[in-house]
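*Asks:* the sequence and its predicted three-dimensional model are supplied below.
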Amino acid sequence: MANTRTRLSFTLAGLIAATGLAFAHGDVTPQPVNTDALPDVGEEWLTENPYRNMGPEVWQTAIDIGGSAFNQNCARCHGLGAVSGGLAPDLRYLEAEEFGDEWFAERFQFGYTQNGTTKMPAFGELLGQKAAWAIRTYVETRPDEGALDDHMPRLKELRDLLETWAENGDGSADQEAVTTELAEIASKIETGSGAPKADSIAYRASKNIDGTPASYKAAAEILTVGLSAAE
């Protein structure tokens, strides 16, 4: 059911784009992306995201680099955090499989032109394949619309608890339990693309906790910003 929904949602967005109601960023100057921290993927363009299954460290690095690259080069039309305002396809719903990867790679490389007008610039030669797949990894791990709704009350409670720990310099006795609970919540948050793991605020918060007041504060801030954006 979820895969059918995402395919229909993205197909509809693609039809909107095809009518010329989308892709208005032909005049954007692409911003460079430093991809040195990512493994090389060769010169020939791939048809499937190589960073999807290279292990958690590469996956996270790709998301971090891809998120920065997306917000510099793509968010003007596709929305901050890949949440489209309706003028361009909502890339969160582009399936995390070869079908979606091929569409993404082709559009990234060659852009989109309609009636002689560039609606989307070609990023392939300017940013390169590593940047493309980093952006793809970031986009496909965005949580589905409303995916946090059922968890918001508890996430707010955990946020408040972490803020208290940050202020008091306490919490180490219960740190493991809170980290585990955040990870469990993260495992239940679905992506729009059908990718098995979402880069959610619960996931980010759990990874930031290391037993120090500074880490509690950082985790609480992640939850605060994410909860505010979801409301």
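*Replies:* Good, I have the coordinates.

*Asks:* CA atoms for contacts and neighbours, from now on please.
*Replies:* Noted.

*Asks:* list the contacts for the most far-flung residue of the chain relative to its centre?
*Replies:* What lies farthest from the middle of the chain is residue 168; by CA atoms, centre = their mean that is 33.2 Å. The contact partners of residue 168, by CA atoms under 8 Å, 6 or more residues apart in numbering, come to residue 213.

*Asks:* and the pLDDT for it?
*Replies:* Residue 168 is assigned a pLDDT of 89 by the prediction.

*Asks:* the one 10 residues further on too?
*Replies:* Confidence per residue is given as pLDDT, and for residue 178 that number is 96.

*Asks:* for it, which non-adjacent residue is closest in space?
*Replies:* Leaving aside its chain neighbours, residue 178 sits nearest to residue 158 (7.5 Å; criterion: CA to CA, 6 or more residues apart in numbering).

*Asks:* what do you get for residue 79?
*Replies:* residue 85 (6.2 Å).

*Asks:* give me the phi and psi angles of residue 91.
*Replies:* Torsion angles at residue 91 (phi, psi; degrees, to the nearest 10) stand at phi -70, psi -10.

*Asks:* any idea how far it lies from residue 140?
*Replies:* 8 Å (CA to CA, to the nearest Å).

*Asks:* these two: which has the busier surroundings?
*Replies:* Regarding residue 91 and residue 140, a neighbour count based on other CA atoms under 10 Å identifies residue 140 as having more, with 30 against 25.

*Asks:* how about that one, what does it touch?
*Replies:* Listed by CA under 8 Å, 6+ apart, the contact partners of residue 140 are 91-96, 191-195.

*Asks:* look at it and report its pLDDT.
*Replies:* 97.

*Asks:* before we move on, the earlier item: can you tell me the element the residue nearest to residue 178 falls in?
*Replies:* helix 152-168 (DSSP states H and E).

*Asks:* so, low pLDDT: which residues of the chain?
*Replies:* Filtered on pLDDT under 70, the chain yields the residue ranges 1-28.

*Asks:* ok, back up a step: by contact count, what packs against the helix or strand just after the helix holding residue 158?
*Replies:* Downstream of helix 152-168, the first helix or strand assigned by DSSP H and E is helix 175-188. If contacts are counted by 3 or more CA pairs under 8 Å, 6 or more residues apart in numbering; DSSP states H and E, helix 175-188 sits against helix 201-208.

*Asks:* packing partners of the helix it packs on?
*Replies:* Counting contacts by 3+ CA pairs under 8 Å, 6+ apart, helix 201-208 packs against helix 175-188, helix 213-230.

*Asks:* and the ones you listed: which comes nearest residue 47?
*Replies:* Proximity to residue 47 (CA to CA) singles out helix 175-188 among these, at 27.7 Å.

*Asks:* for residue 108, see how far away the residue nearest to residue 178 is.
*Replies:* Residue 158 is 39 Å from residue 108, where distance means CA to CA.

*Asks:* ok, those two, which is more surrounded?
*Replies:* The neighbour comparison of residue 158 against residue 108 (other CA under 10 Å) goes to residue 108, with 24 against 20.

*Asks:* need the phi and psi values for residue 113.
*Replies:* phi -130, psi 140.
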